[in-house]
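Visitor: Attaching a predicted model along with its sequence, questions to come.
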Amino acid sequence: MTSSGGAIPRDYIKSVREGIQDAMTTGILAGYPIEDVSVSLYDGSYHQVDSSEMAFRMAGSMALRAAARKAGAVLLEPSMRLEVVVPEEYMGDIISDLNGRRGRVRSMEAHGGTQIINARVPLAEMFGYATDLRSRTQGRATFSMHFERYEQVPQQVGEEIVAKIQGR
């Protein structure tokens, strides 16, 4: 956090910073933390009698939450790079399964009676994949998976996550 203006005593700036950190830790969407944010404090005021560290901490927290809502904060999820080596006769079933997991096939390459499928799939959709892959291919396919990046959760999925966590 950067600050300018000088109207707020240094002790209260520390309290604002702590309030911002509190809000970033608990987030505004389903309690998930807010990441990769830069905050600047340009101005403010205080009253020698009525101001307190707790009030400035709360103000910092409330300001960050309001700014995040105004900015249109979104949920992000880990997206994995997936490589599946599968016999050609199971290709259709595997592609269909990946589509059902919100996966996006990026490339397919024939390699001596097998296909190598490269895809990007949300981590949340990959639980149980090893068992499903073995079942669909009679144990003849293999896969590897590595973190690639974070991606925005589709709006409908995000709404379901928030509703579930908020107990709706």
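Guide: Now that the structure is in, tell me what you want to look at. Numbering: from 1, shown residues only.

Visitor: Residue 115 against residue 86, yeah?
Guide: Yes: when contacts are counted by C-beta atoms under 8 Å, residue 115 is listed as touching residue 86 (5.6 Å). C-beta coordinates here come from the backbone N, C-alpha and C atoms, glycine included.

Visitor: In terms of neighbours, single out the busier of these two.
Guide: Set residue 115 next to residue 86 and count neighbours by other C-beta atoms under 10 Å: residue 86 wins out with 22 against 19.

Visitor: Mind checking what secondary structure the more buried one has?
Guide: Under the three-state scheme (DSSP: H, G, I helix; E, B strand; the rest coil), the conformation of residue 86 reads as strand.

Visitor: Look up how far residue 66 lies from the closest residue to it other than its chain neighbours.
Guide: When the adjacent residues along the chain are set aside, residue 86 lies closest to residue 141, with 4.1 Å between them (C-beta to C-beta, 6 or more residues apart in numbering). Here the distance between residue 141 and residue 66 works out to 49 Å (C-beta to C-beta, to the nearest Å).

Visitor: Show me which of those two is the more surrounded one.
Guide: residue 141 (20 against 12).

Visitor: Count the neighbours of residue 83 for me.
Guide: 16.

Visitor: In space, what's closest to it - neighbours in sequence excluded?
Guide: With C-beta to C-beta, 6+ apart as the measure, residue 144 is the residue that lies nearest to residue 83, at 5.1 Å, once sequence neighbours are left out.

Visitor: ok but the one you found is inside a strand, no?
Guide: Yes: counting by three-state DSSP, residue 144 is found in a strand.

Visitor: Enumerate every residue touching the residue most central in space within the chain.
Guide: In the chain, the C-alpha nearest the mean C-alpha coordinate belongs to residue 76, at 2.2 Å (C-alpha atoms, centre = their mean). Contacts here follow C-beta atoms under 8 Å, 6 or more residues apart in numbering; on that basis residue 76 touches 35, 150-153.

Visitor: same thing but 7 Å
Guide: Contacts here follow C-beta atoms under 7 Å, 6 or more residues apart in numbering; on that basis residue 76 touches 150-153.

Visitor: again with residue 29
Guide: So, once contact is read as C-beta under 7 Å, 6+ apart, residue 29 ends up touching 73, 75, 162.

Visitor: just checking, what packs against the longest helix along the chain?
Guide: Across the chain, the longest stretch assigned as helix under DSSP state H is helix 53-71. Other helices and strands packing on helix 53-71, by 3 or more C-beta pairs under 7 Å, 6 or more residues apart in numbering; DSSP states H and E, are helix 10-26.

Visitor: Done for today, thanks.
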